[in-house]
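**Q** whatever this is, show me its structure:
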Amino acid sequence: MIVTILLLLLFLIVASLITIFIFSVLVPSISQDKDRVQKFIFAPDELKISSHPKKSLEDSGMRAVVLCSHDKEFQQRRIDYQGPKDCVLFTKMYETEYDCFQQCLGFGSCVGRCPQRAIQIVNNTAVVLAGCIGCGRCVASCPKHIIKLFPKDIADSQIPCGNVDGGTTCTACQRKEKTEIPPRHIFKVWKLCYNIFYGK
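**A** Numbering: from 1, shown residues only. A predicted model of the protein is given here:
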């Protein structure tokens with residue numbers, strides 16, 4: 001018991017010393033030497049390019065909606081695709097794995113285009129999360145054209161399906177019930193560490 005208490009105290013002391021070192025020595029020295037390090041590593045022209053302030057995106061009042069439910073299942077599968085995970089490439093070659101030609105392919109080409117990181121893949125389907133500001137960059141990245149922008153007050157009422165022809169085994173085809181959107185995960189600890197070291 002005594003050994004456990006001593007080890008716990010030792011751990012707390014070491015953790016406190018490391019924290020004090022980071023915040024009182026390391027962080028201030030990084031902040032002071034940032035300009036000197038940048039001038040040593042980069043040429044002045046490169047610094048001019050990298051020092052442009054980031055353009056902050058403003059909320060457009062619109063919200064992206066993926067017209068394909070992530071709560072769907074299929075009974076029939078046309079092909080078993082094992083190639084590169086790219087929506088545009090797959091559409092040009094095969095168009096769809098299943099019998100619905102308007103379904104989300106789920107390869108995530110739109111995920112990387114979202115500056116807000118407000119899109120994730122659930123059940124091989126893109127899902128727009130709460131961080132969407134309606135910038136529209138994801139719309140152009142979808143070869144199926146099933147990502148649409150709607151005013152944010154009516155975006156939640158849209159039927160998450162772009163199939164108007166029917167003739168599919170999709171269990172969510174034109175289903176009006178809204179499926180629950182998974183919450184957006186934000187790793188606050190890592191975000192705090194990033195802000196401390198990079199001063200953003």
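**Q** got the contact list for the residue nearest the centre of the chain?
**A** Central residue of the chain (C-alpha atoms, centre = their mean): R117, 2.9 Å from the mean position. Counting by C-beta atoms under 8 Å, 6 or more residues apart in numbering, R117 touches G131. To be clear about C-beta, it is placed using only N, CA and C from the backbone, and glycine gets the same treatment.
**Q** ok, now how distant is it from G131?
**A** 7 Å (C-beta to C-beta, to the nearest Å).
**Q** try K85
**A** For K85 relative to G131 (C-beta to C-beta), the value is 23 Å.
**Q** and what of I18?
**A** 33 Å.
**Q** can you check A140 too?
**A** Distance from A140 to G131, by C-beta to C-beta: 19 Å.
**Q** repeat that for V122.
**A** 15 Å.
**Q** next one: P151
**A** Distance from P151 to G131, by C-beta to C-beta: 17 Å.
**Q** and the longest helix along the chain, average pLDDT?
**A** With secondary structure taken from DSSP state H, the chain has its longest helix at helix 2-21. For helix 2-21, mean pLDDT rounds to 88.
**Q** do the same with stretch 70-84
**A** Computed over stretch 70-84, the average pLDDT equals 83.
**Q** same deal with stretch 150-164?
**A** 88.
**Q** buried set for it?
**A** A155, P160, C161, G162, N163 (16 or more other C-beta atoms under 10 Å).
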